[in-house]
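J.: curious how this folds, go ahead:
(4 chains)
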Number of protein chains: 2
Amino acid sequence: MGIFSKTCEYAMRSVFFIAHRTSDGKKVGIKEISLGIDSPEHFLAKILQSLSKQDIVKSAKGPNGGFYMDEANLKRPLADVVKAIDGRKIFTGCGLGLSYCSEINPCPLHNDFKIIREKITKMLEETSIENFNENLNLGITSLKK
Amino acid sequence: MGIFSKTCEYAMRSVFFIAHRTSDGKKVGIKEISLGIDSPEHFLAKILQSLSKQDIVKSAKGPNGGFYMDEANLKRPLADVVKAIDGRKIFTGCGLGLSYCSEINPCPLHNDFKIIREKITKMLEETSIENFNENLNLGITSLKK
DNA sequence: ATAATAAAAGATATTTTTATCTTTTATTAT
DNA sequence: ATAATAAAAGATAAAAATATCTTTTATTAT
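T.: Below you'll find the model as predicted:
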């Protein structure tokens, strides 16, 4: 297990992929996405259904249909994707899993962990999907094998 | 899901608890530990068996038996507990779950994520169980509800 | 030696996550 | 209108994580 669930990893990869592939205004189908990000097709379908409902991505049925993103979607922070799939635990949860843990009643890891949580939050909240996508479009970063 | 698996959370909590409770040279039993850290008893037993095999904690069977830690155990970094249970993924893994991701072939999150991984690694490697335990002994931090 | 204690080990069960397969619905082009 | 397309939705399955219960082994005190 990494920082994010596997489901969330697929979600982020697919969002980057969709953003990358539809900058020309076209749409991209699930088969192509799952191939492009190396994920199981039907499992990804579920994930994208969820992301679509939560307005992280847009979708259209029928011929020439597929997934795409509008300007508002692209401007959303990556944090929204993470929250949509994994919830808020990574932003607020205690490192030891203690629900009562807080500033007044800190667990042994609390202070160190707080700094890490803040870094993660900052990284995910302060950068939009569009931002992350920039380097992808420039070929500096990659989703491929 | 947080940063660590639930199993790993129990492991860390139990290690802190054992360190805290056996500073007087005594041992502490599994029932008391599971009560003290609010974990399922038999599940924790499995975890402690594993930690014991990996020499993170010591154990003794029979009357007056239980779990304890020696000086060497206490001096180990918390990272050893995490590695023993969750493996090395959190220290080295890609945020998007891409196995090929590296400095030469970075994923979109790579550079931001690297910084976070380094912070986590630093926090877990550079502080011993004993260190974390200090504040616990002073009553500054807590494992209790 | 025997009984009591406590961890180790083994077996099984439950829950959650991840994955697959099938049917339905909406949309488009003919 | 009809057929083709592609996502949505529903049903089921497999794998992994978490949890529980029982039996065995080692140790201690009597």
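J.: ok, how many other residues are close to A:P77?
T.: Other residues lying near A:P77 total 19 when counted by other Cβ atoms under 10 Å in any protein chain shown. Yep, even glycine has a C-beta here, placed from its N, CA and C like the rest.
J.: who's it bridged to?
T.: Assessed by DSSP bridges, A:P77 has beta-bridge partners A:S128.
J.: for the lowest-mean-pLDDT helix or strand in chain A, buried residues please.
T.: The helix or strand of chain A with the lowest confidence, counting by mean pLDDT, DSSP states H and E, is helix A:129-137 at a mean of 90. Using 16 or more other Cβ atoms under 10 Å in any protein chain shown as the test for burial, helix A:129-137 gives A:I129, A:E130, A:F132, A:N133, A:N135, A:L136.
J.: tell me, how many residues neighbour the nearest residue to A:D86 once chain neighbours are set aside?
T.: Residue nearest to A:D86 in three dimensions, not counting chain neighbours: A:C8, with 4.7 Å by Cβ to Cβ, 6 or more residues apart in numbering or on different chains. Neighbour count for A:C8, taken as other Cβ under 10 Å: 24.
J.: same thing with A:E41?
T.: There are 12 residues near A:E41, going by other Cβ under 10 Å.
J.: and the closest residue to A:K144 other than its chain neighbours, how far is that from A:D112?
T.: Of all residues not flanking A:K144 in the chain, A:G36 sits nearest, at 7.6 Å (Cβ to Cβ, 6+ apart). Separation of A:G36 from A:D112 (Cβ to Cβ, to the nearest Å): 38 Å.
J.: what's the answer for A:H20, then?
T.: A:H20 sits 36 Å away from A:D112 when distances are taken as Cβ to Cβ.
J.: so does the least confident helix or strand of chain A get close to chain B?
T.: Yes - applying Cβ under 8 Å from any Cβ of the partner chain, one finds helix A:129-137 touching chain B at A:F132, A:N133, A:N135, A:L136.
J.: enumerate the residues of chain A near DNA strand C.
T.: A:5-7, A:10, A:39-43, A:45-46, A:60-65 (Cβ under 7 Å from any atom of the strand).
J.: ok, and what's touching stretch A:68-87?
T.: By Cβ atoms under 8 Å, 6 or more residues apart in numbering or on different chains, the residues outside stretch A:68-87 that reach it are A:4-5, A:7-8, A:11-12, A:15, A:18-19, A:22, A:25-28, A:47, A:50-51, A:54-60, A:90-91, A:121, A:123-130, A:132-133, B:1.
J.: can you list the residues of chain A near DNA strand D?
T.: Residues of chain A lying close to DNA strand D by Cβ under 7 Å from any atom of the strand are A:1, A:27-31, A:42, A:45-46, A:48-49, A:52-53, A:59-67.
J.: list only buried entries from those residues.
T.: A:M1, A:K27, A:V28, A:I30, A:L48, A:S59, A:G66, A:F67.
J.: which one of these is nearest A:L96?
T.: A:M1 (15.9 Å; Cβ to Cβ).
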